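Q: Pasting the sequence and the predicted model now:
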Amino acid sequence: MIRFENVGLRYGMGPEVLRDVTFRIPEGSFQFLSGPSGAGKTTLLRLLFMSMKPTRGLITVFGKDRSSLDRRELPLIRRKIGVVFQDFRLLDHMTTYENVALPLRVRGREESSYRADVVDLLNWVGLGERMHARPPILSGGEKQRAAIARALIEQPKILLADEPTGNVDPPLARRLLRLFLELNRLGTAVVIATHDVALMDQVEARRMVLSQGRLDIYD
Ligand SMILES: Nc1ncnc2c1ncn2[C@@H]1O[C@H](COP(=O)(O)OP(=O)(O)OP(=O)(O)O)[C@@H](O)[C@H]1O
């Protein structure tokens, strides 16, 4: 589904942050992306989401060479990739429901065609009771789940989550992990960037470990 071959990345004239990174994300797979702070996890997620181009190497996304994608194709391919950013990026002036529905509204869909789906998804992440609340009054864990719901509303083929359990207590982290596993059982590939070893130890999953810009994979 996604393939990296000998990918390298440097910011500006700086040193290579990622070096000779080669891996595949198979359809329906589940993996953790870990490594110490500064190892390049967020950078790798940015490359996966195509918000940056590699400085060298080949990236193939859903069968297309990333370097040949033009600006019209990019949004169509990105729609297949859901992202949960470290800082959530929720809009404070909109309700939780409106935040989750936003990607569909932006595409010009009629509310009547998606209202039930948004409500179902909010119930699934456990935010059914909070759908009319705005992000400033949500707890950290509720914001996290709202961001997950927004990433999933377009039924992506793959979900990328950057430190999704970074700001929550261990019980909620376990609950979020169960949510990701359930999503994966329903067919979505999942990549969770984390340095939470306790979280990774809870499931037998593929681990992609970055260290000084190089990637090792433990299947
Ligand atoms: N926009 C940028 N410009 C220049 N250097 C950057 C930029 N973003 C990240 N870096 C550098 O790239 C390296 C990898 O950073 P990255 O954020 O990908 O690591 P990370 O593994 O996600 O770290 P953390 O776990 O702390 O979030 C770091 O040395 C960082 O300073």
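A: Cool, the structure landed. Everything numeric in this text was worked out from a predicted model, so none of it was measured. Numbers count the residues shown, from 1 in each chain.

Q: and the residue positioned nearest the centre of the chain, what does it touch?
A: The centroid of the chain falls nearest to residue 160 when counting by Cα atoms, centre = their mean (1.8 Å). Applying Cβ atoms under 8 Å, 6 or more residues apart in numbering, we find residue 160 in contact with 45, 48-49, 81-84, 191, 193. Placement of C-beta: from N, CA and C, glycine included.

Q: can you do 6 Å?
A: 45, 48, 83, 191 (Cβ atoms under 6 Å, 6 or more residues apart in numbering).

Q: who touches the longest helix anywhere in the chain?
A: The longest helix of the chain (DSSP state H) is helix 170-185. For helix 170-185, contacts defined as Cβ under 6 Å, 6+ apart pick out 30, 141, 164-165, 190, 199.

Q: which of those residues has the most neighbours?
A: residue 164 (28 neighbours; other Cβ atoms under 10 Å).

Q: Secondary structure class of that residue, three-state.
A: Under DSSP: H, G, I helix; E, B strand; the rest coil, residue 164 falls in the coil class.

Q: Contact residues of this protein facing the ligand?
A: Taking Cβ under 6 Å from any ligand atom as the criterion, the chain approaches the ligand at residues 11, 14, 17, 35, 37-43, 195.

Q: Out of those residues, which end up buried?
A: Buried members of these, counted by 16 or more other Cβ atoms under 10 Å: 17, 35, 39-43, 195.

Q: Bridged to the residue nearest to the centre of the chain, which residues?
A: residue 83, residue 191 (DSSP bridges).

Q: any idea how far it is from residue 189?
A: Using Cβ to Cβ, to the nearest Å, residue 160 is found at 9 Å from residue 189.

Q: do the same with residue 28
A: In this view, residue 28 and residue 189 are 6 Å apart by Cβ to Cβ.

Q: again, but for residue 52
A: Taken as Cβ to Cβ, the span from residue 52 to residue 189 is 20 Å.

Q: neighbour-wise, which of the two wins?
A: residue 189 (21 against 12).

Q: On the pLDDT front, check residue 142 for me.
A: As predicted, residue 142 sits at a pLDDT of 92.

Q: for it, what are its contacts?
A: Residue 142 neighbours (Cβ under 6 Å, 6+ apart): residue 130.

Q: so it sits in a helix?
A: Yes. The assignment for residue 142 is a helix, going by three-state DSSP.

Q: for the host helix or strand of residue 100, packing partners?
A: Residue 100 is part of helix 96-106 when elements are defined by DSSP states H and E. Where contact means 3 or more Cβ pairs under 6 Å, 6 or more residues apart in numbering; DSSP states H and E, helix 96-106 is packed against helix 111-124, helix 140-152.
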